[in-house]
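build me a model:
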Amino acid sequence: MVGDLQEAVEGEGMGRTILIVDDEVRARSYLKEILEEEGYEVLTASGFGDTMEVISQSDINLILLDLHLPEAEDGLQLLKEIAKTRSNVPIIVMSKAGSIQKAMDVARLGVYDFLEKPFEGERWLLSIRNAIEKGSLEAQLDSLRNEIQEKYKMVGVSRAIQGVCGFIEKVAHTEANVLILGETGVGKDLAARAIHFRSPRAGKPFVKFNCANIPPELLESELFGYRKGAFTDAREDRRGWLEVANGGTLFLDEIGDMHPRVQAKLLDVLEHKEFVALGSRKVRKVNVRIVAATNRDLGREVQKGKFRRDLYSRLSVATLYIPPLRERKEDIGFIARYFLKMYCQQYGFPEKTFSPAVIRLLEQWDWRDGNVRALKNAIERIVIFTPPETTLLLPQDVLPYIRNPGMPAGSSSFQVRPLKEAVADYEKEYIFKILSLTNWNVLKAAELLKVNRTTLYRKLQGLTPHREI
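The predicted structure is shown next:
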């Protein structure tokens with residue numbers, strides 16, 4: 001990745017605008033002439049006021065700053081002001097020979113380099129070139145970080161999801177271990193990644209390890225690593241995921257399924273920041289943040305003796321509960337539109353929109369099995385299988401991919417089921433089709449179905465639990 005960024009920095013996209021700040025006219029003119037010959041665009045300023053004006057109006061990639069200015073006590077005051085407003089712009093400080101103490105003061109402010117006047121040789125040009133390349137590289141990295149943060153974000157408009165987002169922002173910048181609770185598919189993995197990529201550990205590894213249904217021996221060796229000869233198949237040393245995540249975040253998914261023996265060893269890591277690999281006597285230090293997730297009630301598991309109370313206490317320093325979709329129906333339309341736009345762009349299809357009737361249909365669906373994940377998968381199927389020319393999606397366009405997630409519309413399958421269940425499914429499908437024809441006008445639908453409105457309301461409540469019709 002760094003190689004790709006470096007190539008981009010050296011290409012045409014690299015900004016080459018330099019601001020020279022010096023109160024001496026001859027010095028400014030001399031530097032401007034040389035730098036323009038080197039292919040740079042050069043702007044100039046002579047003091048505090050015009051420097052800040054140029055910075056506010058221009059896209060600057062590097063500042064050459066003389067420390068001795070007439071409008072301020074010295075260049076340090078201007079330097080501090082620039083750091084507040086344009087902290088991403090590298091600065092090279094210029095000063096007359098012998099100003100060693102001044103150089104030390106400046107170094108504390110994060111200046112890229114310090115050059116003594118008069119300039120000699122090629123070092124100062126090399127310093128300028130390197131400073132601009134470094135600034136461009138950092139700008140590219142900042143852009144990538146922003147893209148990653150945009151990718152791993154919780155979306156929704158409900159008070160509940162805003163609370164989840166607020167929790168993530170607060171806890172991300174701390175070193176606290178986090179326990180994420182919620183049903184399958186609500187976004188626990190997404191929340192864990194959001195915490196990591198908004199934390200100071202964002203540049204370090206994020207490692208996901210699923211604890212579910214893994215024998216304790218294999219779980220221990222995978223998590224903590226092993227040394228050659230530790231067991232029959234240990235033919236070479238191998239680092240565990242805990243060591244791979246060193247400096248970053250280890251996401252322990254389904255931690256409620258972790259074997260008690262491994263729980264005890266994990267507790268040592270949380271308390272002492274150290275571990276011992278299988279077959280080794282060497283204690284290894286590790287700096288890792290633990291984010292754990294489960295769809296189980298760990299408090300109840302503790303009462304049953306299936307989960308260590310002391311480990312639960314250490315993990316739950318900061319506990320995040322992500323509610324299921326049925327508890328935040330107002331998010332469904334927002335999330336559906338978000339995924340619709342995302343998948344249309346991803347697959348290069350014309351932009352599609354949901355009719356209001358589709359949004360009502362999606363909001364009335366229970367999504368109990370899968371939650372956000374199920375909704376996301378349904379939207380992807382809709383984008384893939386509906387004709388590209390169908391830009392306005394109606395209930396009849398989307399219902400097959402919600403009802404029959406395993407196959408595209410028009411496919412046929414037969415499954416033997418109890419008659420009562422089959423009849424109920426057909427009734428549900430037929431009612432939704434009539435509702436789609438009437439644009440979800442319940443009164444008109446009742447007339448077409450030859451039932452009174454009260455009966456239809458009752459059936460709808462039975463078909464769409466947890467929603468008031």
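
which residue ranges of the stretch 151-300 of the chain form helices?
Under the criterion DSSP state H, counting those that start in this stretch, the stretch 151-300 of the chain carries helices at the ranges 159-172, 188-197, 216-224, 241-244, 260-272, 298-303.

need the winner for burial among these.
The densest packing among the helices of the stretch 151-300 of the chain, expressed as mean neighbour count by mean count of other C-beta atoms under 10 Å, is seen in helix 188-197 with a mean of 23. Backbone N, C-alpha and C define where each C-beta goes, glycine included.

from the chain's centre, how far out does it sit?
6 Å (C-alpha atoms, centre = their mean, to the nearest Å).

counting contacts, what elements does it pack onto?
For helix 188-197, the contact count by 3 or more C-beta pairs under 8 Å, 6 or more residues apart in numbering; DSSP states H and E identifies helix 123-151, helix 159-172, strand 178-181, strand 206-210, strand 249-253, strand 289-294 as packing neighbours.

run the last query once more with 7 Å
Secondary-structure packing of helix 188-197 (3 or more C-beta pairs under 7 Å, 6 or more residues apart in numbering; DSSP states H and E): helix 159-172, strand 178-181, strand 249-253, strand 289-294.

next helix or strand past the helix or strand of the chain at the bottom of the mean pLDDT ranking?
Counting by mean pLDDT, DSSP states H and E, the chain has its least confident helix or strand at helix 2-10, which shows a mean of 36. Beyond helix 2-10 on the C-terminal side, the first helix or strand identified by DSSP states H and E is strand 17-21.

immediately after that following strand, which helix or strand?
Toward the C-terminus, strand 17-21 is succeeded by helix 25-37 as the next helix or strand (DSSP H and E).

list the buried residues in that next one.
27-28, 31-32, 35 (16 or more other C-beta atoms under 10 Å).

same question, stretch 386-401
Residues of stretch 386-401 classed as buried by neighbour count (16+ other C-beta under 10 Å): 386, 393-395, 397-401.

dump those into a markdown table; add distance to residue 447 and secondary structure as well.
As requested, these are arranged in a markdown table below (distance: C-beta to C-beta, whole Å; DSSP: H, G, I helix; E, B strand; the rest coil):
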| residue | distance to residue 447 | secondary structure |
| --- | --- | --- |
| 386 | 30 | coil |
| 393 | 26 | strand |
| 394 | 20 | coil |
| 395 | 18 | helix |
| 397 | 24 | helix |
| 398 | 25 | helix |
| 399 | 21 | helix |
| 400 | 26 | helix |
| 401 | 29 | helix |
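
from those, which is closest to residue 434?
Ranking those by separation from residue 434, with C-beta to C-beta as the measure, puts residue 395 on top at 10.2 Å.

contacting residues around that closest one?
Residue 395 makes contact with 357-358, 361, 432, 436, according to C-beta atoms under 7 Å, 6 or more residues apart in numbering.

out of those residues, which are inside strands?
Among the contacts of residue 395, no member falls in strands (criterion: DSSP state E).

neighbour-wise, which one of the residues you listed leads?
Note: the member of these with the most neighbours is residue 358, at 25 neighbours, neighbours being other C-beta atoms under 10 Å.

okay but it is in contact with residue 396, surely?
No. The pair residue 358 / residue 396 is not scored as a contact, 9.6 Å apart, by C-beta atoms under 7 Å.

quick one: buried residues of the host helix or strand of residue 320?
Assigning secondary structure by DSSP H and E places residue 320 in strand 318-321. By neighbour count with 16+ other C-beta under 10 Å, strand 318-321 contains the buried residues 318-320.

just checking, what packs against it?
Secondary structure elements in contact with strand 318-321, counted by 3+ C-beta pairs under 7 Å, 6+ apart, are helix 159-172, strand 178-181.

10 Å instead?
helix 159-172, strand 178-181, helix 188-197, strand 289-294 (3 or more C-beta pairs under 10 Å, 6 or more residues apart in numbering; DSSP states H and E).

partner strands of that strand and their direction?
Sheet pairing of strand 318-321 (DSSP bridges) gives strand 178-181 (parallel).

let's test this: mean pLDDT of the partner strand, rounded?
Averaging the model's pLDDT scores along strand 178-181 yields 96.
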